[in-house]
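**Student:** Show me how the following folds:
(one chain, ligands or ions: 2)
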Amino acid sequence: MGVVSISAFGPGTSRVADPRIQAQVVLYAVGGMLYTPTVPDTPDWLQGLNPQQLQAVTHGDGPLLIIAGAGTGKTNTLAHRVAWLIHEGVQPGRILLLTFTRRAAQEMLNRAQAVCQAATTKVWGGTFHSMANRLLRTYGRVVGLQPEFTVMDESDSADMLGLIRAQMGLTSKEKRFPRKSTVRSIYSRVVNSREPLELVLKKEYPWCVEAEEGLRTIFNTYTKRKHARQVLDYDDLLLFWNLALEDATVAEAMGARFDHILVDEYQDTNIIQAEILQRLRQKNHNITVVGDDAQSIYSFRAATIKNILEFPNQFPGTTVVTLEQNYRSIQPILDVGNAVMKPAPHRYTKNLFAVREGKQKPVLVTCRDEDEQVKVVCDQILEHLEQGIKLQQQAVLFRAGHHSDQLEIELARRNIPFHKYGGLKFLEAAHVKDLLALLRILENPRDDMSWFRVLEMLEGVGPKTAERFVADLEARTYDLAVLGQITMPAAAHDQFTALAQTLNSLRQEELPVAAQVERLRRFYEPFLATLYDNPKPRLRDLEQLEAVAQRYKSRSSFISDLTLDPPDTTADFAGPPFKDEDWLVLSTMHSAKGCEWKAVYVIHAADGMIPSDMATDDDDSIEEERRLFYVAVTRAKDWLYVVFPLRYYYKRYPLGDAHAYAQLTRFAPANVQRLMDARGGTSLETHAGPPTDEEIRAKIARYWDRRF
Ligand code: ATP
Ligand code: MG
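**Tutor:** Ligands and ions are numbered 1, 2, ... in the order given. The predicted model follows:
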């Protein structure tokens, strides 16, 4: 069987054995295997689940696939399943829960703990990348990794590629060679999709086709250099994990660590991740995956919905459960979501039906320009706050990180606190990276990118001296004890001596992670004022970093966590004391995946923004943008505002009023608009003539019906 469509799973019906839940269950079986539910003793904490959810939660051994639409309780079911397994006696430390972000794993484990009152702290929960990092420290030797390898983030990896490109003289050629960030994306695409470089260039980067030979040489050097330095980039984590599993003994040992593996958002995994799972489940077949093909939004990272559709083939005997009702949103919001998805060519999950009651239609707000969009959104947020919807229950969603720039300024002006998901710049800040580079050197003295960063802070040290230094250190087998013997330019003498002493003292003493950070911060402090402006707030950032370090037992896990699972918001960083403050959520549509809020504002709903004008050249990309818009819309529980500015001013002419007219996103054509209430921003309202009877009635209703 090739790609399996849901229609291939013959529907079967059965009755739940437990007399307390006698509702009829519609179940799906694969290959003639009918799923017969038996739930002898259902604990009270499972009572709220519907029959299909309950069956998934209490499923016994063997592969299980839950394929269902947005808000149908997939994640909730998975969290309950973790609780159920622990209740059934599975040791928490033998459960592996793979999610898309650290936040998602934490929330699910908290939920599981809350429902069954059993500790879930020992569960292995996190992203594929962070689990790879953890397991490779133990099993990495078979693929040539020392346990102290370090992981570099995407910008470090681009820097390394940039350096190699420069060393090869590929920057000075007459024809422009792709920029380092493009080189990085091409590399990532090749390794994750497993497609040949030539094909990737032709399909995805046609303007770089001529650079093929140069790219190939760069990639070869990059791979060799990383290996020699014992540094991995993000993609390597998955590659090496998979590679380690090619070894039968390792595959058996690693697989035997986990009695159950559970994966959320399976539609956004790639071919390597699917292979890793298969290799981990050769003997024990306990694996549960959940996903929704209509929400697959990461194909630009080589994710493929084939994984979810072919799961029953890869894991013979799979039980497939579908969930039908949506518990999140009221029907008018789902009507819009369904209509947005109607033209999508391939769909397996069906239209969504609401369980919750509520009649207010989503609102389509047309604004004169971006200024008005910002004003309308802030006004509406405050109005909902007055009505009792906390800021944390409200979110503004947008296609690209910078789309909230103007809004952020206005929120600050009005003293509305907010946190931004998917856009935290803290760890990308140069001074934070400087301090982390010092920590990385201690962890792995071969990490030359970190050395370059640190050495170039010193007076009179440029790239040439730094390279010579690293070569010298290599000749001395990266021994930090002899650091002081390496000669440096006279101008750098004092600073370098201080550096060598600091690193040496930390190498010899066994200090807690926070104390190490503190000592490095003291060394680094004098550099702040000379290297950057605004040293004071930067210093506070470093103190915050030190506070976070207190939660860690080992330097290695502190560095890996910050690199692999950086905090989503400043709230993650702030720790418990600030948790009950209220704040609004700003998020990219991608980072809103899996989340929900009472009121959602989708801003910049203009063509060119969503779909992004970067994605308008082929049908597949457009369809992915459609799914992204669908993800955004289906985050709302009660209130949905789709906001669209008519005019965009050209930033190039800040004093003039040169502007272009935008068009409403193509994902909201007439049939979608009919399902929404149309509203103008304030300026449009004044131009719109006298209010209609309906508007007057609505305004009056506001005084007596707070739900309006
Ligand atoms: P998405 O596709 O967006 O990730 P999902 O399928 O994972 O959505 P959840 O986030 O698990 O859905 O659930 C959506 C909402 O429905 C949550 O608020 C959850 O608590 C609620 N919910 C799920 N199942 C039930 C149920 N049986 N009874 C009441 N509420 C439920
Ligand atoms: Mg979910």
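
**Student:** and residue 201, how many neighbours does it have?
**Tutor:** 22 (other CB atoms under 10 Å). (Glycine included, C-beta is placed from N, CA and C.)

**Student:** you'd agree it is up against residue 210?
**Tutor:** No: in this structure residue 201 lies outside contact range of residue 210 using CB atoms under 8 Å: 9.0 Å.

**Student:** Overlap of the contact sets of the two?
**Tutor:** Between them, residue 201 and residue 210 share no contacting residue under CB atoms under 8 Å, 6 or more residues apart in numbering.

**Student:** and the stretch 1-150 of the chain, which residues reach ligand 2?
**Tutor:** Residues of the stretch 1-150 of the chain found near ligand 2 (CB under 5 Å from the ion) are 74, 75.

**Student:** Which of the three states applies to residue 261?
**Tutor:** strand (DSSP: H, G, I helix; E, B strand; the rest coil).

**Student:** so who does it touch?
**Tutor:** 95, 96, 98, 277, 280, 281, 286, 287, 288.

**Student:** Could I get the pLDDT score of residue 594?
**Tutor:** We have a pLDDT of 94 for residue 594.

**Student:** Please identify the helix or strand for it.
**Tutor:** Following DSSP states H and E, one finds residue 594 outside all helices and strands.

**Student:** Report the contact partners of it.
**Tutor:** Residue 594 touches 75, 100, 104, 264, 265, counting by CB under 8 Å, 6+ apart.

**Student:** Distance check, residue 330 against ligand 2.
**Tutor:** 19 Å (CB to the ion, to the nearest Å).

**Student:** quick one: contacts for that residue?
**Tutor:** Residue 330 neighbours (CB under 8 Å, 6+ apart): 354, 356, 357, 358, 359, 360, 637, 638.

**Student:** burial count for the residue lying closest to it once chain neighbours are set aside?
**Tutor:** Ranked by CB to CB, 6 or more residues apart in numbering and with sequence neighbours excluded, the top spatial neighbour of residue 330 is residue 358, at 3.1 Å. Using other CB under 10 Å, residue 358 is surrounded by 14 other residues.

**Student:** Which one of the residues in the stretch 401-550 of the chain is closest to ligand 2?
**Tutor:** Going by CB to the ion, ligand 2 is nearest to residue 421 of the stretch 401-550 of the chain, at 15.2 Å.

**Student:** That residue is in contact with residue 589, isn't it?
**Tutor:** No: Residue 421 lies out of contact with residue 589 (CB under 8 Å); the separation is 10.4 Å.

**Student:** What residues of stretch 148-168 count as buried?
**Tutor:** 149-154, 156-165 (16 or more other CB atoms under 10 Å).

**Student:** Just the ones of these in strands?
**Tutor:** 150, 151 (DSSP state E).

**Student:** what comes up buried for the helix or strand where residue 520 lies?
**Tutor:** In this assignment (DSSP H and E), residue 520 forms part of helix 513-531. For helix 513-531, a neighbour-count test (16+ other CB under 10 Å) marks 513, 514, 516, 517, 518, 519, 520, 521, 523, 524, 527, 528 as buried.

**Student:** okay if I get those residues as CSV plus distance to residue 393 and pLDDT?
**Tutor:** Output for the buried residues of helix 513-531, formatted as CSV (distance: CB to CB, whole Å; pLDDT from 0 to 100):
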residue, distance to residue 393, pLDDT
513, 36, 93
514, 35, 92
516, 40, 95
517, 36, 94
518, 38, 94
519, 43, 94
520, 40, 96
521, 38, 94
523, 44, 95
524, 40, 95
527, 43, 91
528, 39, 87
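
**Student:** Identify, from the residues you listed, the entry nearest to residue 135.
**Tutor:** residue 513 (21.5 Å; CB to CB).

**Student:** hmm, back to that, what sits up against the helix holding residue 520?
**Tutor:** 430-431, 434-435, 438-439, 442, 457, 498-499, 502, 505-506, 511, 535, 538-539, 542-543, 545-547, 549-550, 552-555, 558.

**Student:** helix or strand right after it?
**Tutor:** Proceeding N to C from helix 513-531, the next assigned helix or strand is helix 535-549, under DSSP H and E.

**Student:** mind listing what's buried in that next one?
**Tutor:** Judged by neighbour count (16+ other CB under 10 Å), helix 535-549 contains these buried residues: 535, 538, 539, 541, 542, 544, 545, 546, 548, 549.

**Student:** In JSON lines, list those residues along with pLDDT.
**Tutor:** Listed next are the buried residues of helix 535-549 as JSON lines, based on pLDDT from 0 to 100:
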{"residue": "535", "pLDDT": "81"}
{"residue": "538", "pLDDT": "82"}
{"residue": "539", "pLDDT": "85"}
{"residue": "541", "pLDDT": "80"}
{"residue": "542", "pLDDT": "86"}
{"residue": "544", "pLDDT": "80"}
{"residue": "545", "pLDDT": "84"}
{"residue": "546", "pLDDT": "86"}
{"residue": "548", "pLDDT": "82"}
{"residue": "549", "pLDDT": "86"}
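
**Student:** For the chain, which residues are neighbours of ligand 1?
**Tutor:** With CB under 6 Å from any ligand atom as the criterion, the chain meets ligand 1 at residues 48-50, 53, 70-76, 292, 295, 327-328, 594, 596.

**Student:** roughly how far is stretch 607-617 from the heart of the chain?
**Tutor:** 21 Å (CA atoms, centre = their mean, to the nearest Å).

**Student:** What average pLDDT does that stretch get?
**Tutor:** Confidence over stretch 607-617 (mean pLDDT, whole number) is 82.

**Student:** What of stretch 257-272?
**Tutor:** Computed over stretch 257-272, the average pLDDT equals 95.

**Student:** Could you work out the end-to-end span of it for me?
**Tutor:** 20 Å (CA to CA, to the nearest Å).

**Student:** how close does the nearest residue to residue 665 once chain neighbours are set aside sit to ligand 1?
**Tutor:** Setting aside the residues directly before and after it, residue 665 is nearest to residue 605 in space (CB to CB, 6+ apart), at 4.8 Å. Distance, residue 605 to ligand 1, using CB to the nearest ligand atom, to the nearest Å: 20 Å.

**Student:** ok, residue 605 touching residue 644?
**Tutor:** Yes: using CB under 8 Å, residue 605 is in contact with residue 644, at 4.5 Å.

**Student:** give me the number of residues near the residue of the stretch 251-400 of the chain found nearest ligand 2?
**Tutor:** Closest approach between the stretch 251-400 of the chain and ligand 2, counting by CB to the ion: residue 264, at 6.0 Å. For residue 264, the neighbour count with other CB under 10 Å is 25.

**Student:** wouldn't it be in contact with residue 77 here?
**Tutor:** No: counting by CB under 8 Å, residue 264 sits too far from residue 77 to count as a contact (9.8 Å).
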